[in-house]
Each structure stands twice: as structure tokens, then as C-alpha cells.
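# Build me a model:
(chains A, B, C and D)
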Protein chains: 2
Amino acid sequence: MISESSDRSRGLVQSVERAIALLEAVSEGPPEGEPVALLAQRCNLNRATAWRLLATLEANGLVHVDPTTHRYSIGLTVARLASASSVVGLTRRAYAVLERLSKRTNETADLAVPQRLSLTYVAEVAPPSVLSANWLGRHVPLHATSSGKALLAWLPEVELLPVLEQPLTRYTATTITSKSALREELDATRRRGYGTCRGELEETLYGVSAPLLDQRDRPFAVVSIWGPRARVPESRFPELGLLAQEAAEEIRAAVPWGGYHP
Amino acid sequence: MISESSDRSRGLVQSVERAIALLEAVSEGPPEGEPVALLAQRCNLNRATAWRLLATLEANGLVHVDPTTHRYSIGLTVARLASASSVVGLTRRAYAVLERLSKRTNETADLAVPQRLSLTYVAEVAPPSVLSANWLGRHVPLHATSSGKALLAWLPEVELLPVLEQPLTRYTATTITSKSALREELDATRRRGYGTCRGELEETLYGVSAPLLDQRDRPFAVVSIWGPRARVPESRFPELGLLAQEAAEEIRAAVPWGGYHP
DNA sequence: GATCGGTTTGCATAATGTGCAATGATTGTT
DNA sequence: AACAATCATTGCACATTATGCAAACCGATC
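Residues are numbered from 1 along each chain as shown, chains lettered A, B, ... in the order given. Got it, this is the predicted structure:
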């Protein structure tokens, strides 16, 4: 067989990678589950191989297989493992606040946490009428979003530097691509108290974000409110920015240990 | 090497099992994470092996490794995968209701979902004063708990039979261990509208439970209220039973699709 | 600056995961 | 109702792949 394995060179374990790929595939499927053959195909795996990997995952509760339909869905163990992540405690407390925020502003409210050199959205509440894109799990560039800028603005210099070293990719006409302009923007953000975005990632995407700071004043999460430019023009920024700040403070206060271990 | 592998006989994949064991070990550790050596020891693995398995998990975001301390904690991907589980949507909606329930009764309220031939607790709210055992993720026997009996009472006959075939283990003096007695109890439970427990698993554990039924009247989750016998005597059962029923109905109504795919 | 605990990497070995092919089981079709 | 087709499951032989050992390499701490 063809053993490409750019993985192997880095000393990664093939069967575990394949098992994870299956887990992802299962999670992308419908709640009633997907059959082995389909999952195997999606991951470019032999059916027998996929079956054994899934059997292993099933034996440990990571996936659930319906005994009659033989369809695989995500198992309870994943939820239990996730509950060990401090993010989960954070999101649980955040949801009540985000729901209120979304209802009050009639826009989408969400919570993101830093990961590597980007942010990941971990909680999101969209107003009922709006069919919004699901940003959960998505990574976004830090220099082209209100949440990213809210994070950077309160990041200590040492951690800010590596981000500024990276190329600042242009996404739209308004994207900030020069290091000095970004520094100015971050200063303004800090003075203002919240980050803003004027279609810097996608033309029509406008919004504001406020950071959650831990005891040492390091940001560990960001609350955002956003919507299409037509509904969230710059004139609403001061109002929404204040609401985001209040929400951030409220969520932070509800977190017992007052922080988040990555 | 000694390759025991009762796994292998069932066609399971060793490295994946080991990776999962590591994942479990990581989840049991503190939020700031644990070093490789400790995790390896806990899972009886060679340090190098554990390192490569963890590296694979890390590359896929299932674990997070702090670049400075080299400590491993649960990664965001797990939370994302978990969010694909319908249980998560269920628990998110349940928490608000459980919190109210716990506040009002001053006892512990929780939610469990069926898994295999047992129940798993997936959400729990304890009154602030009480230092309660954490039941999250725990499996409980169906014949010796109020939640188990609430599930069984509304289960269709075909699914009930395999459970009754299993030996009914005795835990305390009040545990129901005969098949006929259990059938009677289940009839009574159905008439009553909620299940009860009089110290049948642990002497001092008293409580009530009400099921959440889907469109086809199949139970897919159970709400429980419980506490020590001294505070939750039988005389409170009618009052608490009604509250549990109301809470169950409220949670069920908040679930969009009105059910739960295991 | 040396010693210790830890992580990380290389390498040889065979244990282990894999693909193929054959067998049941189940579903849909005429 | 019988057939066909698709899919899940199991056995087996092969060599790819994961593993353990040992050595290198950091980063602490004294």
C-alpha cells in the first residue's frame, strides 16, 4: 500500500489519527447516526478497518451504535470528557448571559477562547429569526475580527509579539494589514474598552467584542455581538460595546476560579 | 512483551484503546494539566509510547499541551465533538430548569439518559450548602434507583425484558430483588406518575424521578430530585414527585425535536 | 556549573493493525 | 415471496506500523 505518512515523520500514531478522523466524521453526521460504510468512505478507510476502529471507540463509549440500525453517533463519554475541560464550565455559565444578550440586541452573541494563535468560538446564540452561520468550533484570524482585536489589545507584550510577526492577511478592503496600524487600533481598543470590526473579515460582518480578564488581567475569553452591516452599523457600536462589556463581566463573575486553563 | 489482549480477540485496536485511556487520565487530572510521565504511569504505558499517543491527540486538538509547562489538559476539540451529541443540547436546556428545581426544593436535582442497560447522569445541580457527591458520568442500576424505575416503568415491553433477565443485585435491605415484585413496583410507578427510591441503593438515599417521553411515548431521559433520608422522607414524595414531573415536561418542551438520539 | 527530573528523538524488532476475501445479515426490488 | 444487492462482521496472512529501549536533550534547582 501507499504509505504517505507525513504523520509518521513527526512520530504520530496512524490508527489513532484514523480513529479521530472517524470521530469527527461521526460528529458531522445527523443525530440518528451514520452507517460504517459511509464513514469509512468519508475517511478513505477500508470498511473492515473502520469497523474495528469504531468498535474500539464504541467499547469505550466515545461513539454509540444503535443496535438495530447499526448507525454510529457521538457517545456520552465524549460529553463526560468534555465536562473536564474548563471551557465547558465556562460555556455553561455563558449561555444564560448570551441568550439574554441576543434577545435584547436581536443579534448573534457568542463566546470565544484563545487557542494557539487564534480564537475558537465555543458558545453561540443567534436570534430566532436569523438563520445564522454556525461559527462554533471555527477559528478566526485575530487581526481581522472584533473578538481577535479585543483579545490582542489586552494581551501582554510578550504574547502579542509572535502574533504580530505573522503576516497580516488581507480579507477585505478594510482589513488592517500593517503592523503599526494594528498597534494603533489596539491602543484605541484598550482606551475604548471593547473591540470593533467593520467588515474586515467579510464585507458585511460588523460587530463588537469585550474580553474577560482573569485575576492577573490576562484575557481568557471574549464576548462578541455581531450581525450584518445593515443592522449593526457603526452608530450602534457604543451601545453594543457597553452591553458586551457588561456581559463579559457577568460571565467572568459566574466563573468560580475566575480564569480558564487553556 | 506480554500481550494479554482480551481486546484483540474481539478485534479492538490497541493503540486507540491506549489513546482513549490517556484521554480519560487527562480528563481526571487538574485543570492546569498533567505531565507525560504521570499519565504514562497511570495507564501503564512506556513514556515514549504515551508521548507519541498524546502528540497525536494534541495534533488533533483532543488534548492541549501547555508549551511552557508541558502539561496536558483536555482540548477544545472534545468540547466541539461533544456539542454534536444531542445530549449536550438536552443538558444545556436542562440546567436552567434543574437549577430552579434545586433552589426551590433545596435538594439535588439531576438529569440522566439511558445507556445500554443502565442510566448515566449527565447534568446535576446541588444546593450550595450541601457538599454532594458528584454523580456526573456515573452509571446506576435500574432496579435500585428512582430514576431507573421511572425509566423502566415507561419502557416498552420488548426493551424491558432484557433488563429483567439480568440478576437484580441486592444493595441494601430495601432493594427489590424479585422480578415479580419489580413488575408490581413498575405498575405502581406508572399509575403514580413518578418513580421513588427508599434507600434501595444506599440506605440514606431517598428521592423521586419523572421521565421525559418523546413523541412515541418512549422515555429518553429522567429528572430526579434526591437527598438524604432525613431531609427527603417519604412524606415529601408527592410534593417532590409533582415538581419532578413539571420539570421533566418543561425540559421536554424546550427540546426542539422532542427526543434524544442515544 | 553540575546534577537531576523531565521531555523528546532514533532505531531495530516483531507485535500489531491492516487489507483482502468469504460469510452472514438485512434491506429494497421485481 | 424470492431475488438481488448492499452492508456488517469475522478469519487469516502479511508487512506496515507501533512499540520499547537507550540515548540525546532541555530546564529546572541546588
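
# so how far is DNA strand C from the spatially closest residue to A:Ala50 that is not a sequence neighbour?
Ranked by CB to CB, 6 or more residues apart in numbering or on different chains and with sequence neighbours excluded, the top spatial neighbour of A:Ala50 is A:Ala40, at 3.6 Å. Yep, even glycine has a C-beta here, placed from its N, CA and C like the rest. As judged by CB to the nearest atom of the strand, to the nearest Å, A:Ala40 and DNA strand C stand 9 Å apart.

# Just to check, A:Ala40 is in contact with A:Arg52?
No. In this structure, A:Ala40 is not within contact of A:Arg52 by CB atoms under 8 Å, at 10.7 Å.

# Please enumerate the helices of chain A.
Using DSSP state H, the helices of chain A run over A:6-9, A:14-28, A:36-42, A:47-59, A:76-83, A:86-105, A:146-153, A:157-165, A:179-192, A:237-254.

# what's the angle between the last one and helix A:179-192?
It refers to helix A:237-254. Interaxial angle, helix A:237-254 versus helix A:179-192 (axes from the mean of the first three to the mean of the last three CA atoms, to 10 degrees): 70 degrees.

# distance of A:Ile225 from A:Leu152?
Note on A:Ile225: its distance to A:Leu152, by CB to CB, to the nearest Å, is 18 Å.

# Name the residue in these two with the higher neighbour count.
Each of A:Ile225 and A:Leu152 has its neighbours counted (other CB atoms under 10 Å in any protein chain shown); A:Ile225 has more, 29 against 25.

# how about low-confidence regions in chain A?
A:1-10, A:116, A:129-133, A:256-262 (pLDDT under 70).

# So which residues on it come close to DNA strand C?
In this structure, chain A approaches DNA strand C at residues A:1, A:11, A:14-15, A:18, A:45-49, A:52-53, A:68-69, judged by CB under 7 Å from any atom of the strand.

# From these, keep the buried residues only.
Buried by 16 or more other CB atoms under 10 Å in any protein chain shown: A:15, A:18, A:45, A:52-53, out of these.

# Of these, which are in range of DNA strand D?
Applying CB under 7 Å from any atom of the strand, the subset of those adjacent to DNA strand D comprises A:15, A:52.

# of all the buried ones among the residues of chain A next to DNA strand C, which comes closest to A:Gln245?
Comparing those against A:Gln245 with CB to CB picks out A:Arg18 as the nearest, at 45.0 Å.

# show me what contacts that closest one?
By CB atoms under 8 Å, 6 or more residues apart in numbering or on different chains, the residues touching A:Arg18 are A:43, A:45, A:49-50, A:53.

# List the residues that contact A:Glu250.
A:Val97.

# if I look at it, how far off is DNA strand C?
For A:Glu250, the distance to DNA strand C equals 38 Å [CB to the nearest atom of the strand].

# How about A:Gln41?
13 Å.

# ditto for A:Ser27
From A:Ser27 across to DNA strand C, the span is 20 Å (CB to the nearest atom of the strand).

# so how many other residues sit close to that residue?
Counted with other CB under 10 Å, the burial measure for A:Ser27 works out to 19 neighbours.

# Go ahead and confirm it touches A:Ile74.
Yes. Between A:Ser27 and A:Ile74 there is a contact at 5.3 Å, judged by CB under 8 Å.

# who touches both of these two?
By CB under 8 Å, 6+ apart, the residues touching both A:Ser27 and A:Ile74 are B:81, B:84-85.

# Out of the residues you listed, which comes closest to DNA strand C?
B:Leu81 (19.9 Å; CB to the nearest atom of the strand).

# From A:Ala25, how far out is that closest one?
With CB to CB as the criterion, B:Leu81 and A:Ala25 are 11 Å apart.

# Neighbour count: those two, which is higher?
More crowded of B:Leu81 and A:Ala25, by other CB under 10 Å: B:Leu81, with 28 against 20.

# Wait, the more buried one touches A:Leu23, no?
Yes. The criterion here is CB under 8 Å, and B:Leu81 meets it with A:Leu23 at 6.2 Å.

# Next, show the common contact partners of these two.
Contact criterion CB under 8 Å, 6+ apart; residues shared by B:Leu81 and A:Leu23: A:74, A:78.

# Tell me how many other residues crowd A:Val16.
Neighbours of A:Val16 (other CB under 10 Å): 28.

# contacting residues for it?
B:15-16, B:19, B:53, B:56-57.

# now A:Gly207
Residues in contact with A:Gly207 (CB under 8 Å, 6+ apart) are A:107, A:145-146, A:196-197, A:224-227, A:232, A:240.

# So what pairs up with the nearest residue to it once chain neighbours are set aside in the strands?
Distance criterion CB to CB, 6+ apart; nearest residue to A:Gly207, sequence neighbours excluded, is A:Trp226 at 2.7 Å. Here A:Trp226 sits in beta bridges with A:Thr108, A:Gly207, going by DSSP bridges.

# Go ahead and confirm A:Trp226 touches A:Val232.
Yes. Proximity of A:Trp226 to A:Val232 meets the contact threshold set by CB under 8 Å, at 6.4 Å.

# Just the closest residue of the stretch 151-262 of chain A to DNA strand D, please.
A:Val158 (13.9 Å).

# distance of that residue from DNA strand C?
Distance from A:Val158 to DNA strand C, by CB to the nearest atom of the strand: 20 Å.

# Against chain B, how distant is that residue?
From A:Val158 across to chain B, the span is 11 Å (CB to the nearest CB, to the nearest Å).

# now swap in A:Lys179 and tell me
From A:Lys179 across to chain B, the span is 23 Å (CB to the nearest CB).

# ok, that residue - contacts?
Going by CB under 8 Å, 6+ apart, A:Lys179 touches A:164, A:168.

# Also near chain A: which of the shared contacts of A:Ser27 and A:Ile74, exactly?
Restricting the shared contacts of A:Ser27 and A:Ile74 to those near chain A by CB under 8 Å from any CB of the partner chain leaves B:81, B:84-85.

# what's the closest non-adjacent residue to A:Thr77?
A:Gly61 (3.4 Å).

# phi, psi of the one you found?
Per-residue torsions, A:Gly61: phi 80, psi 10 (degrees, to the nearest 10).

# My understanding was that it contacts A:Gly75; is that so?
Yes. In this structure A:Gly61 lies within contact range of A:Gly75 using CB under 8 Å: 4.6 Å.

# returning to what we had before: pull up the overlap in contacts between A:Trp226 and A:Val232.
A:107, A:206-207.

# and which of the residues you listed is nearest DNA strand C?
Set against DNA strand C, the nearest of those by CB to the nearest atom of the strand is A:Gly207 (37.1 Å).

# buried stuff in stretch A:53-61?
Within stretch A:53-61, the residues scored as buried using 16+ other CB under 10 Å are A:53-61.

# Same question for stretch A:196-209.
Buried, per 16+ other CB under 10 Å, within stretch A:196-209: A:196-201, A:205-209.

# Could I have the CA atoms of it written out in PDB?
Presented in PDB, the C-alpha positions along stretch A:196-209 are these (Å, rounded to 0.1, in the frame of the first residue of the first chain):
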ATOM      1  CA  THR A 196     -14.900  46.600  16.900                       C
ATOM      2  CA  CYS A 197     -15.000  45.100  13.400                       C
ATOM      3  CA  ARG A 198     -16.100  47.000  10.300                       C
ATOM      4  CA  GLY A 199     -16.300  44.200   7.700                       C
ATOM      5  CA  GLU A 200     -12.600  43.400   8.000                       C
ATOM      6  CA  LEU A 201     -13.100  39.600   7.500                       C
ATOM      7  CA  GLU A 202     -16.200  39.600   5.400                       C
ATOM      8  CA  GLU A 203     -17.600  42.900   3.900                       C
ATOM      9  CA  THR A 204     -20.900  42.600   5.600                       C
ATOM     10  CA  LEU A 205     -19.700  41.500   9.000                       C
ATOM     11  CA  TYR A 206     -19.900  44.200  11.700                       C
ATOM     12  CA  GLY A 207     -19.600  43.700  15.400                       C
ATOM     13  CA  VAL A 208     -18.100  44.500  18.800                       C
ATOM     14  CA  SER A 209     -16.300  42.400  21.400                       C
END
